[in-house]
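**Student:** test case, fold it:
(2 chains)
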Amino acid sequence: MTTTAQDQSQKIRSVLVPAEERPAPSGAVSASLTYGWRALLKIKHIPEQLFDVTVFPIMMTVMFTYIFGGAIAGSVDGYVQWLIPGIFVQTMIMITMYTGITLNRDISKGVFDRFRSLPTWRPAQLVGALLGDQVRYILAGTIILLVGFVMGFRPEGGLTGVLMAFVLLLLFSFSLSWIWTVISLLVRTEQAAMGISMFIMMPLTFASNIFVDPETMPSWLQGAVEVNPVSVVVTAIRELMAGMGDFGSVTLVLVYCAVLVGVFGPVSMYFYNRKS
Amino acid sequence: MSVPAIETRGLVKRFGNTAAVDEIDLHIPQGGIYGVLGPNGAGKTTAIRMLATLLRPDAGEARVLGHDVFTEPKAIREKIALTGQFASLDEDLTGIENLMLLGRLLGYSSRDAKVRGMTLLDAFGLTEAATRQVKKYSGGMRRRLDIAGSLIVTPQLMFLDEPTTGIDPRSRNQVWDIIRTLVAGGTTILLTTQHLEEADQLADRIAVIDTGKVIAEGTPGQLKAQVGTGALKVRVADPARREEAAEILGRTLMTEVIRESDSAALTVRLEDESRAASALIALQDSGLSVETFALGQPSLDEVFLALTGHKTADEATEGDAPATQEEAA
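**Tutor:** Below you'll find the model as predicted:
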């Protein structure tokens, strides 16, 4: 016992690194990627957390297409072409909500104190979490598109159009996530984060052009639908998937992304730095 | 070594209307262990979080290793490490993943971070648990991994917030050994504790904190001296004759004799320690056999009681006996 204790002391002495030998702390990009890696490790250890990005998208796609298909478009086949891009967007942005909820749980743990005491670029902790979520989004998006394909969705834009749409949506999901980040930093519990997120999410997805053409809506609502970022994204995605990608629509989405990150990113960091 | 490790003046942090930290002045030189002792809710953790740049002070000044906590937080973060009150680890990840994560953030390449992580795990006796999730670790293992995580690059100043809370005595001794090793290696340690024995065992200097204020500061010996006198503790062989012994001690030393809850034990406050011998001789002359006796300064428990006017939570369980030496060589 005594000798092992002494051995251990000696070992510990021998692993101490003199200050001159320490590497420079990792930069913003490398730190963000490292936190992204942490998110992937968490998926590896808790694969159950992929339930929402696998089963949920299948359910949404199948349910909405068969329930509304006949009533809205006269036939399921016709509706699939219209609805799949919309469902693609809706499901993905609903999944972004979990980012905030996960973060809310994560931040309350001791490990975030450690992260915040490290000499790295602080937003990396949040950016990395969002980057890790991209893997979840890619998985969910792929499942939706596959299910859609099985149900008869044949985009005119081909693989190129679909991939471009996919990338655009990933970018938008990343940008939108900063809203949930702010919420997760402001509320105390996961339940509260969920509640508030739903409150924002419902009008955002339903008061849009996801399910129906806004032309049947009252004019005041049409105005709201038009400026709704979700509608803007859905329009751009539909165009890209249909092989009629429009520079203007895509640019508008990019502007929305920039505004979301530009506003909610700094606000997130403001609250993050003051979190006690 | 000229720059103090920590220097604060009038440091304040309020939560709502209550001041968790209320005008704390500290001057902590580099080197050695500085203990912050206080009961739960005294403001220890809040003070540490401000010094580790996690929490912004509401008023006052604070410099850590010469850097201002308000204007140079990053310079401070480059030189410190924090081991929080609840293990600052990702419980879902394995031991090695935790260390690799920290290593990469601190600038090691993926491969170097792994090598460094394995070296640290080996030094802390955790090699076998390397690929196990931290949530399956025992309390003592967590603590060791937590401290290993603070040593990826050796910090100049290390904050240890209640490092032995909630772990078993054997692990506690291990953690104490580790702490002493680190100090010998040149790191300054700021340690908070609720355990008087821990502060007494480890710290070179102690600040006693209660309700956000420093109520006493000094070496353990100085603090004990504040309560004044020493004490003679006697345990008689036959509990039935304790009263007799108490009467003899009272007469010889001419002070009050305290009857301990142990039915054979007596404690006498001493004005003059040199008279203890004559008291023991008087006991022997009356044919009373003494099983054990100890002459010592009052325990820190008594110090705390004298300073704050209220008892600490663990007062009742804290013994006065000198700490048992773990496995002397």
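
**Student:** what residue ranges in chain A score low on pLDDT?
**Tutor:** Low-confidence segments of chain A (pLDDT under 70): A:1-4, A:19, A:276.

**Student:** quick one: the helices in it?
**Tutor:** Using DSSP state H, the helices of chain A run over residues A:2-15, A:28-45, A:51-73, A:76-107, A:110-116, A:124-150, A:158-186, A:190-206, A:219-227, A:229-241, A:247-274.

**Student:** okay, those in JSON lines with mean neighbour count and distance to residue B:268 next?
**Tutor:** For the C-beta atoms, the positions are set from N, CA and C on the backbone; glycine is no exception. As requested, these are exported to JSON lines (neighbours: other C-beta atoms under 10 Å in any protein chain shown; distance: least, C-beta to C-beta, whole Å):
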{"stretch": "helix A:2-15", "mean neighbour count": "14", "distance to residue B:268": "37"}
{"stretch": "helix A:28-45", "mean neighbour count": "19", "distance to residue B:268": "60"}
{"stretch": "helix A:51-73", "mean neighbour count": "16", "distance to residue B:268": "69"}
{"stretch": "helix A:76-107", "mean neighbour count": "22", "distance to residue B:268": "55"}
{"stretch": "helix A:110-116", "mean neighbour count": "23", "distance to residue B:268": "46"}
{"stretch": "helix A:124-150", "mean neighbour count": "20", "distance to residue B:268": "59"}
{"stretch": "helix A:158-186", "mean neighbour count": "21", "distance to residue B:268": "59"}
{"stretch": "helix A:190-206", "mean neighbour count": "16", "distance to residue B:268": "59"}
{"stretch": "helix A:219-227", "mean neighbour count": "12", "distance to residue B:268": "85"}
{"stretch": "helix A:229-241", "mean neighbour count": "24", "distance to residue B:268": "80"}
{"stretch": "helix A:247-274", "mean neighbour count": "16", "distance to residue B:268": "55"}
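
**Student:** nearest to residue B:100, out of those helices?
**Tutor:** helix A:28-45 (8.8 Å; C-beta to C-beta).

**Student:** how many degrees apart are the closest one and helix A:51-73 in direction?
**Tutor:** 90 degrees (axes from the mean of the first three to the mean of the last three C-alpha atoms, to 10 degrees).

**Student:** now helix A:28-45 and helix A:124-150, what's the angle there?
**Tutor:** 60 degrees.

**Student:** does helix A:28-45 reach chain B?
**Tutor:** Yes - applying C-beta under 8 Å from any C-beta of the partner chain, one finds helix A:28-45 touching chain B at A:30, A:31, A:34, A:35, A:37, A:38, A:41, A:42, A:45.

**Student:** those residues: which two are farthest apart?
**Tutor:** Farthest pair in the residues of helix A:28-45 next to chain B (C-beta to C-beta) is A:30 and A:45. Separation: 22.8 Å.

**Student:** residues touching residue B:217, list them.
**Tutor:** Shown in contact with residue B:217 (C-beta atoms under 8 Å, 6 or more residues apart in numbering or on different chains): B:205, B:206, B:207, B:208.

**Student:** rerun that using 7 Å as the cut-off
**Tutor:** residue B:207 (C-beta atoms under 7 Å, 6 or more residues apart in numbering or on different chains).

**Student:** that one - that's part of a strand, no?
**Tutor:** Yes - with DSSP: H, G, I helix; E, B strand; the rest coil as the criterion, residue B:217 is assigned to a strand.

**Student:** that older thread, of the residues of helix A:28-45 next to chain B, which is the nearest to residue A:271?
**Tutor:** Checking the residues of helix A:28-45 next to chain B one by one against residue A:271 (C-beta to C-beta), the nearest turns out to be residue A:35, at 17.9 Å.

**Student:** residues from the stretch 151-300 of chain B in reach of chain A?
**Tutor:** Counting by C-beta under 7 Å from any C-beta of the partner chain, the positions of the stretch 151-300 of chain B adjacent to chain A are B:151, B:153, B:154, B:156, B:177, B:178, B:181, B:185.

**Student:** from what I see, the second one and residue A:21 are in contact.
**Tutor:** No - in this structure, residue B:153 sits apart from residue A:21 without contact. The criterion is C-beta atoms under 7 Å, and the distance is 8.2 Å.

**Student:** looking at these two, which one has more neighbours?
**Tutor:** residue B:153 (23 against 8; other C-beta atoms under 10 Å in any protein chain shown).

**Student:** please identify the helix or strand for that one.
**Tutor:** When elements are assigned from DSSP states H and E, residue B:153 belongs to no helix and no strand.

**Student:** how near is residue A:238 to chain B?
**Tutor:** The gap separating residue A:238 from chain B is 39 Å, by C-beta to the nearest C-beta, to the nearest Å.

**Student:** that residue contacts residue A:87, doesn't it?
**Tutor:** No - if you go by C-beta under 7 Å, residue A:238 and residue A:87 don't touch, sitting 11.5 Å apart.

**Student:** so residue B:12: helix, strand or coil?
**Tutor:** Under three-state DSSP, residue B:12 comes out as strand.

**Student:** residues in contact with it?
**Tutor:** B:19, B:21, B:22, B:23, B:57, B:58, B:59, B:60.

**Student:** pLDDT score assigned to it?
**Tutor:** pLDDT, residue B:12: 93.
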